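Asker: Here is a sequence with its predicted model. Questions after.
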Amino acid sequence: MPVLNDGTTLPDIGFGTYPLKGEECTTAVLSALDAGYRLIDSAVNYRNEEAVGRAVASSSIPRDDIIVATKIPGRDHGFDSTLASFDRSSEALGLETIDLYLIHWPNPKIDKYVDTWRAMVRLQEEGRVTSVGVSNFTPEYLTRVADATGVMPAVNQVELHPFFPQVELRAFHDEHGIVTEAWSPLGKAAPVKESESVASAAAAHGVTAAQVILRWHQQINSLPIPKSGDPERQRENFDLVGFTLTDDEVAAITALGRPDGRLFGGDPRTHEEM
Ligand SMILES: NC(=O)c1ccc[n+]([C@@H]2O[C@H](COP(=O)([O-])OP(=O)(O)OC[C@H]3O[C@@H](n4cnc5c(N)ncnc54)[C@H](OP(=O)(O)O)[C@@H]3O)[C@@H](O)[C@H]2O)c1
C-alpha cells in the first residue's frame, strides 16, 4: 500500500473515470466499488464529479472507506480561484472533504501553479482536503512548489505505461517520497497488450495481458488507475493477487519504452489544460 508523505495510505490500484459521464459513470463507479476499488479518480474537466458523488452516496461502502480524487483545471489556477474551485468541486461531489486534490496540469505559460499550490496547502491545513498532489508535473515544477511552500506534493499522476515507463521521473519521485500514479496505465491501445514481452508473461502466469501490465505497475512502484466501463474488465483489472512477475519479465516490459512512446496529452512543459 503506497504511504503518502502526509502519513495517509492509498490502495495499490484506483479506478479511472474519464470519459464516463452521467448515469453511465455512476453505474460504472458503483460496479467498481463492488469489485473492490476504493480510490476513484475524477476531475472538473471530466464533468463527472456529480456522477461520482452520486455513486459514493448510494454505495453500501462507507464513505470513509472511499478515497475520492479530483483535479483543478487550468482555468481555475490562482490562489482565490483555487479556493472557489474547491467549493464548486466539493458541492458537485457532495463531499465536505476531498480526499486527494490534484492540480490537473501545471500550465507553465500562465505560471500560476505555485499560487494554486499555496491555496491547496491552505485547504489541507484547514482539513478540507486530506492529501494534496499534482498531475503532469516535471521535477522542475515539483521542486518549485516544494521550495515555495515547504510542502512536496504527495502524488504526481502522470502518463505511464510500458511504451512510456517514465524511468527518470519515477526515480525522482522515489528519491523525494512522491507516490507515482499512472494515467492511461494500459496505454489504452491494443499494441501495448500485444507486445511479445507482455503476451509471454501473460501465458507464463495464466493471466491476461491487462493483468500483466497492471501488475508491472505495482512492481515498479506505480499506482495504476485503469478505466473500464465494463464490470467484467473492472474485476479483471482489480484481480492482481496470486502472481508475481519475475525481475526479467519486469525489465523486459520496461524495455518496451521508447522516446516517442507518449500516447496522449502532450508535453507538460508546453501543454495548457483549459
Ligand atoms: N491526469 C491526467 O492528465 C489524465 C489523463 C488521462 C487519463 N487520466 C485518468 O486515467 C484514467 C485511465 O486512463 P485512460 O482511460 O486514458 O486509459 P487506460 O485505463 O489505460 O485504458 C482505458 C481503455 O482500455 C480499455 N480496457 C480497460 N481494461 C481493459 C481490459 N482488461 N482489457 C481490454 N481493454 C480494457 C477500456 O475500455 P472499456 O471501458 O470498454 O473496458 C478503455 O478503452 C482515466 O480514466 C482518467 O481517470 C488522467
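Answerer: Perfect, I can see it now.
Asker: Hmm, Gln219 and Asp12 touching each other?
Answerer: No - using CB atoms under 8 Å, Asp12 is not in contact with Gln219, being 10.4 Å away. Just so you know, the C-beta spots here come from the backbone N, C-alpha and C atoms, and that holds for glycine as well.
Asker: Quick one: residues contacting Ala209.
Answerer: The neighbourhood of Ala209, defined by CB atoms under 8 Å, 6 or more residues apart in numbering, consists of Lys193, Glu194, Val198, Ala199, Ala202.
Asker: Quick check: it vs Arg258, distance?
Answerer: 18 Å (CB to CB, to the nearest Å).
Asker: go on, Glu24?
Answerer: As for Glu24, its distance to Arg258 is 34 Å (criterion: CB to CB).
Asker: Kindly report the same for Ala204.
Answerer: Distance of Ala204 to Arg258, given as CB to CB: 24 Å.
Asker: One more: Glu49?
Answerer: Glu49 is 35 Å from Arg258, by CB to CB.
Asker: Identify the residue spatially nearest to Ala148, adjacent ones excluded.
Answerer: Nearest residue to Ala148, sequence neighbours excluded (CB to CB, 6 or more residues apart in numbering): Val114, at 4.9 Å.
Asker: list the contacts for the one you found?
Answerer: Val114 is in contact with Arg144, Val145, Ala148, Thr149, counting by CB under 8 Å, 6+ apart.
Asker: distance between the helix or strand that contains the first one and the chain's centre?
Answerer: Read it as Arg144. Per DSSP states H and E: Arg144 is located in helix 139-149. Helix 139-149 sits 20 Å away from the centroid of its parent chain (CA atoms, centre = their mean, to the nearest Å).
Asker: So which bits of it are buried?
Answerer: Buried residues in helix 139-149, counted by 16 or more other CB atoms under 10 Å: Pro139, Tyr141, Leu142, Arg144, Val145, Thr149.
Asker: Return the two entries of those residues that lie farthest from one another.
Answerer: Pairwise distances across the buried residues of helix 139-149 peak at 16.4 Å for Pro139 and Thr149 (criterion: CB to CB).
Asker: Compute the first-to-last residue distance for stretch 55-67.
Answerer: Criterion CA to CA, to the nearest Å; first-to-last residue distance in stretch 55-67 is 13 Å.
Asker: what sits up against it?
Answerer: Stretch 55-67 is contacted by residues 10-11, 14, 25-27, 29-30, 33, 38-40, 68, 93-95, 99-100 when judged by CB under 8 Å, 6+ apart.
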